[in-house]
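Undergrad: This is a predicted model, with the sequence first.
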Amino acid sequence: SAVISQKPSRDICQRGTSLTIQCQVDSQVTMMFWYRQQPGQSLTLIATANQGSEATYESGFVIDKFPISRPNLTFSTLTVSNMSPEDSSIYLCSALRGHGELFFGEGSRLTVL
Amino acid sequence: AQTVTQSQPEMSVQEAETVTLSCTYDTSESNYYLFWYKQPPSRQMILVIRQEAYKQQNATENRFSVNFQKAAKSFSLKISDSQLGDTAMYFCAFLQGGSEKLVFGKGTKLTVNP
């Protein structure tokens, strides 16, 4: 299985600021994804992080709010921009390793005051 | 669009007993994969078990097994000899063949009591 490291694991931020979450995979993977998990809810896909090109966003998520980078096959970042309390969630990085198996990082718990 | 339904928001079981978590899904496709993920309080999503739709044999991983009923579009998870460490949220997920995007159910919160 792949090992995925995410940081920060948690943060408390002020309204209007931005936070960048980093995701490092211990081996090359074909696909990387970013999910949001609001309190007590299931996972919602934000976007697919494409290596060397713009991310592919799901309905309801836009690049200006959630810019994503993926400079290589093992690393990606998600920025939550101009944060509001509604952005308080767990943000999870995941990676696909063949046969449809998705592996997850430990998540980043974001609280916006 | 595919949907995944977990009808049990919460369940509890006594340690060492067996519990079954339900999951149904809706798809018109024949090539797909089904998964159960576990999310303990530590937040890490962990893959528990995986089933390919073309396989008739139910997947098994140690104390975890599934009952895959393709015609009924049902994919339940059985946990035998429940342990305290099994306490977690359990998510059923669907992946369309050729796609990379998992569709998750809303989850079932399982509590194993001593």
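TA: Cool, the structure landed.
Undergrad: quick one: the strands in the chain?
TA: Just going to use chain A. Ranges of strands in chain A, per DSSP state E, are A:4-7, A:10-13, A:19-25, A:31-37, A:43-49, A:56-57, A:68-72, A:75-80, A:89-96, A:102-104, A:108-112.
Undergrad: Actually, chain B is the one I wanted.
TA: B:3-5, B:10-14, B:19-21, B:24-26, B:32-39, B:46-52, B:60-61, B:64-69, B:74-79, B:88-96, B:102-104, B:108-113.
Undergrad: helices or strands next to the helix or strand of chain A with the lowest mean pLDDT in the packing?
TA: Ranked by mean pLDDT, DSSP states H and E, the weakest helix or strand in chain A is strand A:102-104, scoring a mean of 88. On a contact count with 3 or more Cβ pairs under 8 Å, 6 or more residues apart in numbering or on different chains; DSSP states H and E, strand A:102-104 meets strand A:89-96, strand B:46-52. For every residue, glycine as well, the C-beta is placed using N, CA and C.
Undergrad: give me that answer again for 10 Å
TA: strand A:4-7, strand A:31-37, strand A:89-96, strand B:32-39, strand B:46-52 (3 or more Cβ pairs under 10 Å, 6 or more residues apart in numbering or on different chains; DSSP states H and E).
Undergrad: Of those strands, give the one that comes closest to residue B:6.
TA: Closest approach to residue B:6 among the helices and strands packed on strand A:102-104 (Cβ to Cβ): strand B:32-39, 10.1 Å.
Undergrad: if we can go back for a sec, save the strands of chain A as JSON lines, and put in distance to residue B:90 and mean neighbour count too.
TA: Converted to JSON lines, the strands of chain A look like this (distance: least, Cβ to Cβ, whole Å; neighbours: other Cβ atoms under 10 Å in any protein chain shown):
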{"stretch": "strand A:4-7", "distance to residue B:90": "20", "mean neighbour count": "18"}
{"stretch": "strand A:10-13", "distance to residue B:90": "23", "mean neighbour count": "14"}
{"stretch": "strand A:19-25", "distance to residue B:90": "24", "mean neighbour count": "19"}
{"stretch": "strand A:31-37", "distance to residue B:90": "14", "mean neighbour count": "23"}
{"stretch": "strand A:43-49", "distance to residue B:90": "13", "mean neighbour count": "21"}
{"stretch": "strand A:56-57", "distance to residue B:90": "28", "mean neighbour count": "16"}
{"stretch": "strand A:68-72", "distance to residue B:90": "28", "mean neighbour count": "16"}
{"stretch": "strand A:75-80", "distance to residue B:90": "25", "mean neighbour count": "21"}
{"stretch": "strand A:89-96", "distance to residue B:90": "16", "mean neighbour count": "23"}
{"stretch": "strand A:102-104", "distance to residue B:90": "14", "mean neighbour count": "22"}
{"stretch": "strand A:108-112", "distance to residue B:90": "20", "mean neighbour count": "19"}
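Undergrad: Of the ones you listed, which is nearest residue B:15?
TA: strand A:102-104 (26.8 Å).
Undergrad: anything in stretch B:34-45 near chain A?
TA: Yes. Using Cβ under 10 Å from any Cβ of the partner chain, stretch B:34-45 reaches chain A at B:34, B:35, B:37, B:39, B:42, B:43, B:44, B:45.
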